[in-house]
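Novice: One predicted model, sequence on top.
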Amino acid sequence: MNQKKKIFIKPPRLTYDHIRAKAEEVRRKYVFPPDKVPVPVIEIAEIDLKIEPIPIYGLKEKIDIDGFLTNALKKICIDRNVYYEERQENRLRFTYAHELGHLILHKTEIQQCNFRTEEDWIHFRNDFLEEDLTWFEQHAYEFAGRLLVPKERLIIEIENNEEKIEKFKRSYPEEKEILIEAVSHIIAPKFKVSPGVINRRIRIEKLGHYFE
């Protein structure tokens with residue numbers, strides 16, 4: 001069998017400001033009111049953008065990802081367990097947000113490749129140099145985080161827990177990291193994301209001063 005020729009895809013080097021602006025644009029267009037949380041990201045993808053979900057058995061085990069867009073940009077292949085299990089809802093929501101990030105930020109790169117299966121997706125990823133693949137994925141991670149956790153709403157939720165934060169700081173003044181982790185667990189259900197996503201947003205949005 002002939003080996004597929006590498007085409008060495010190079011994603012654009014996008015700034016965080018550009019990525020965040022794109023996430024805000026999606027929220028203004030599809031979320032009413034725009035600061036509503038949790039963001040109805042699955043409805044945006046399946047209803048507004050007409051992206052068809054394709055649940056696949058064992059996708060995560062086969063290629064170590066929860067989902068991917070096909071190159072026609074109209075179908076999203078999703079690990080079947082992630083798609084159907086209620087306890088995986090937060091993971092499913094982030095997967096959709098992540099793939100919307102690729103759709104909006106990397107449309108050209110995805111369209112130039114002919115893939116519809118798990119094996120095709122592996123070839124697609126292998127066409128990146130390691131550094132470029134990191135850019136490709138980090139763009140989508142940042143888009144998903146900003147879409148699902150708007151900075152202004154995150155600040156509101158942190159301030160709503162000010163009393164708990166102050167009480168913890170009085171008891172454990174040197175435990176900032178533990179405090180951020182604890183508050184992330186408290187806030188996460190509001191946005192229907194994992195505590196890890198909230199923890200990352202607190203750091204990326206430079207909100208650590210609330211915990212000092």
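Specialist: Right, received. Where do you want to start? Numbering: from 1, shown residues only.
Novice: Report the central residue of the protein.
Specialist: Among the residues of the chain, the one closest to the centroid is Ala144, at 3.0 Å (Cα atoms, centre = their mean).
Novice: What distance do you get for the residue nearest to that residue when sequence neighbours are not counted to Ile78?
Specialist: If the residues on either side of it in the chain are set aside, Ala144 comes closest to Ala97, at 3.5 Å by Cβ to Cβ, 6 or more residues apart in numbering. (Each C-beta comes from the backbone N, C-alpha and C, glycine too.) Between Ala97 and Ile78 the computed distance is 13 Å (Cβ to Cβ, to the nearest Å).
Novice: So which of those two has more stuff around it?
Specialist: Of the pair Ala97 and Ile78, Ala97 is the one with more neighbours under other Cβ atoms under 10 Å, namely 27 against 23.
Novice: Using the three-state scheme, assign Asn71.
Specialist: coil (DSSP: H, G, I helix; E, B strand; the rest coil).
Novice: Now do the helices in this protein.
Specialist: Assigned by DSSP state H, the chain shows helices spanning 16-30, 41-43, 59-63, 80-84, 89-105, 107-111, 118-126, 130-148, 151-160, 162-171, 176-191, 195-204.
Novice: Quick check: which of these is nearest to Ile51?
Specialist: Smallest distance to Ile51 across the helices of the chain (Cβ to Cβ): 7.9 Å, for helix 89-105.
Novice: roughly how far is that closest one from the heart of the chain?
Specialist: Centroid displacement of helix 89-105 relative to its chain, using Cα atoms, centre = their mean, to the nearest Å, is 5 Å.
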